[in-house]
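>>> Need coordinates for the below:
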Amino acid sequence: MKYAFFKGKIVPFADAKISVMTHAFNYGTGVFEGIRGYWNKEKSQMFLVKLAEHYERLFRSARVLHIDIKYSIDELCKMTVDLVNKNGYKEDVYVRPIAYKSQEKIGLGLIGIEDDLCIYLAPFGNYLDISKGIKVCTSTWRRIDDLAIPARAKVTGLYVNSSLAKAEAIQNGCAEAIMLSGDGHVLEGSGENIFIVRDGKVFTPPVHENILEGITRKALIEMIQDELKVVVVERSIDRSELYIADEIFFCGTGAQVSPVSEVDHRKVGNGKVGKITKKIQEVYFKAARGDDPAYQDWLTPVY
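Model (predicted):
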C-alpha cells in the first residue's frame, strides 16, 4: 500500500489517517465498496471490474445515510484509475472506497454532519479457497432486518453482524458462516451472496429478503443463464435444502466464485467442486481477467 486518496488528493498511504473522534469511527456512519482489479500478465494490464457499477451502488448507499459525495461517478472512476496506476502493482488488487461522516463530533445523528471520501487499495489474492471448496456452518447470528439496518446498503456498521457470524464459524472449525433470516430462510454467507444447485437448476435468495444486491451476484445470474443455459430461480431457500443440494457456491467481489464442500459437517454433493460451479468459475475469471472479448464492457484498464 503506497498511496491513497484522502482529503481530496492522492497522498502517501501513511498520511491517510483519521482522528479518533471521527464520527464514522465512533458510530459506523460510513458506506463502502470493494472493487477487484485483476492483473493480466500476458497483456501487461490491470483490469478493474465493473468500476462504474460499484460507484453507482456507493451513491445509493450514501443516499440512505444522508452522505453527500461531491464527486461524479466519472470523476470517481478517473480518480480510482489514477490511484491504482500510481501504486503500480503488477498483481491482483482490491480497491476500497469509503464515503463517511468525517466530522470530529460526539453525538448520534446523520443530518448536518460533515462528509468525506477516501480510497485505498492493497494487493489481494483469493479471499476464500476457490480450488477445492470450503467448509461452512450455519450461524446462530441472524441476518439484520432491513428495518434495523438497511441491508441493501453497504454500511460499515452493518458488518459487525457478518463479523460475529464469521468469528463463530472460525471457532467451530469452518471458514465461513451462512446467515439465516429470523424465520429460518437462507440469506447469505457472512459477506457473500449464496447459490445452490439442485436437479440441474440454480437457486438464489431474492433481493427483497434482506440480502445485499450484489454486483457479482447479478453478473453470475446473467452468465449462468446466457453462457451455461441453466435456469436461475430467485426464491426463498430453507436451511435443510443446504443439506441436500448438489452444489453450493458463494459469490462476491472478495469471494469471487467460491465453492462450498461441506455445510454443518455434511458433504455437499460428493464433497468436490461441482460441474456447474467449476464452469461458472471458468467463464467468470476469463471475463474478469480480460480474456473474453464479449465482456470488455465490464472492464476498465489501468495502464
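
>>> Give the closest residue to residue 182 in space, chain neighbours not counted.
residue 142 (5.5 Å; C-beta to C-beta, 6 or more residues apart in numbering). Quick note: C-beta positions are derived from backbone N, CA and C, even for glycine.

>>> Okay, and the beta partners of the one you found?
According to DSSP bridges, the partner residues bridging residue 142 are residue 180.

>>> thinking it is in contact with residue 179, fair?
Yes: contact criterion C-beta atoms under 8 Å: residue 142 and residue 179 qualify, at 6.8 Å.

>>> neighbour count winner among the two?
Legend: neighbour count by other C-beta atoms under 10 Å for residue 142 and residue 179, higher for residue 179 (27 against 16).

>>> quick one on the thing from earlier: list the contacts for the residue nearest to residue 182?
179-182 (C-beta atoms under 8 Å, 6 or more residues apart in numbering).

>>> Tell me the one among those residues nearest to residue 133.
residue 179 (19.0 Å; C-beta to C-beta).

>>> check contacts around that closest one.
So residue 179 contacts 138-139, 141-143, 161-162, 165, 187-190 (C-beta under 8 Å, 6+ apart).

>>> Closest to residue 44 out of these?
residue 189 (34.2 Å).

>>> Thought residue 175 was touching the closest one, still the case?
No: look at residue 189 against residue 175 with C-beta under 8 Å: they stay out of range, at 9.7 Å.

>>> who touches both of these two?
residue 136.

>>> These two: who's more crowded?
Neighbours per residue, other C-beta under 10 Å: of residue 189 and residue 175, the larger number sits with residue 189, 29 against 21.

>>> separation between the nearest residue to the more buried one once chain neighbours are set aside and residue 70?
Distance criterion C-beta to C-beta, 6+ apart; nearest residue to residue 189, sequence neighbours excluded, is residue 250 at 4.6 Å. Distance of residue 250 to residue 70, computed by C-beta to C-beta, to the nearest Å: 35 Å.

>>> Also residue 295?
To residue 70, residue 295 is 32 Å away according to C-beta to C-beta.

>>> Between the two, which is the more surrounded one?
Under the criterion of other C-beta under 10 Å, the comparison of residue 295 against residue 70 puts residue 295 first, with 19 against 10.

>>> List the residues that contact the residue nearest to the more buried one when sequence neighbours are not counted.
Counting by C-beta to C-beta, 6+ apart, residue 295 lies nearest to residue 287, which is 3.6 Å off, once chain neighbours are set aside. By C-beta under 8 Å, 6+ apart, the contact set of residue 287 is 223, 294-295, 298.

>>> List only buried entries from those.
With burial judged by 16 or more other C-beta atoms under 10 Å, the buried subset of the contacts of residue 287 is 223, 295, 298.

>>> and these as a markdown table, adding distance to residue 48 and secondary structure?
Putting the buried ones among the contacts of residue 287 into a markdown table (distance: C-beta to C-beta, whole Å; DSSP: H, G, I helix; E, B strand; the rest coil) gives the following:
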| residue | distance to residue 48 | secondary structure |
| --- | --- | --- |
| 223 | 19 | helix |
| 295 | 13 | helix |
| 298 | 9 | helix |
